[in-house]
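Engineer: Fold the following and give me the result.
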Amino acid sequence: MTENNCKPSHEGYCCDGRSEQVPIERKCIGLLISTNREHKCMVENYVEQTGLHRSQHHLLMILSKYANVPSQKEIAERLGISPAAVAVTLKKLEKNGYIERCAAVSDNRYNEIRLSEKGKSVVEYTKNTFYSMDKAVFADFSEDDLRQFSEFMEKIRQNIRNCESAVANMGKDESIAKE
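Structural biologist: Numbers count the residues shown, from 1 in each chain. As a prediction, the model looks like this:
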């Protein structure tokens with residue numbers, strides 16, 4: 001396993017490390033970003049232990065959610081990647097025994113993709129591990145705390161979406177001088 005590359009942030013400091021009070025909104029954004037980064041590192045460290053590359057693990061987890069696995073083209077569209085990238089990842093998963101391909105009953109020209117027992121085992125282990133991680137992350141939170149936190153995060157997400165719309169429309173506003 002590789003060393004965790006997550007570095008603690010310097011809340012309350014300027015970007016260059018000088019001690020300077022920052023607005024509470026900036027501190028909150030910094031905490032959101034650093035918390036996201038640390039969570040991502042925690043998850044990536046787990047995925048590394050499975051022996052799968054992150055993209056392989058992600059695709060395996062997606063495949064596990066479907067009773068009828070979508071086509072490679074549909075998977076690519078949903079993930080925003082090329083069909084070729086999906087094909088390469090599926091080939092690696094098949095080679096390592098995580099998935100199986102077999103001719104569709106309805107059409108021999110079409111291959112159905114199924115999780116193998118090895119793939120199902122990784123998915124089940126991952127779900128249990130992620131559940132444990134979630135519980136650990138929120139260990140000292142009450143149900144009310146979690147509901148309130150969820151509401152705050154929803155408000156933040158909506159505010160970000162509103163900002164994106166406002167920024168997109170700023171360029172259309174002719175009263176803004178471009179230099």
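
Engineer: just for the chain, where's the confidence low?
Structural biologist: Applying pLDDT under 70 to the chain flags the ranges 1-19, 171-179.

Engineer: residue ranges for the strands of it, please.
Structural biologist: Counting by DSSP state E, the chain has strands at residues 99-103, 111-115.

Engineer: Quick one: closest of the ones you listed to residue 79.
Structural biologist: With Cβ to Cβ as the measure, strand 111-115 is the member of the strands of the chain nearest residue 79 (14.5 Å). The way it works is simple: take the backbone N, C-alpha and C, and place the C-beta from them, glycine included.

Engineer: Redo the strands of the chain as JSON lines? Include distance to residue 43 and mean neighbour count.
Structural biologist: Converted to JSON lines, the strands of the chain look like this (distance: least, Cβ to Cβ, whole Å; neighbours: other Cβ atoms under 10 Å):
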{"stretch": "strand 99-103", "distance to residue 43": "21", "mean neighbour count": "14"}
{"stretch": "strand 111-115", "distance to residue 43": "20", "mean neighbour count": "17"}
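
Engineer: wait, which of those strands is closest to residue 160?
Structural biologist: The closest of the strands of the chain to residue 160 is strand 111-115. By Cβ to Cβ, the value is 35.1 Å.

Engineer: Can you pull the phi/psi pair for residue 139?
Structural biologist: phi -60, psi -40 (degrees, to the nearest 10).

Engineer: how far away is it from residue 133?
Structural biologist: Per Cβ to Cβ, to the nearest Å, residue 139 is found 11 Å from residue 133.

Engineer: The two: which is more packed in?
Structural biologist: A direct count of neighbours by other Cβ atoms under 10 Å for residue 139 and residue 133 places residue 133 higher, at 14 against 7.

Engineer: I'd say the more buried one and residue 47 touch.
Structural biologist: No. Shown here, residue 133 and residue 47 do not form a contact pair, counting by Cβ atoms under 8 Å, at 11.7 Å.
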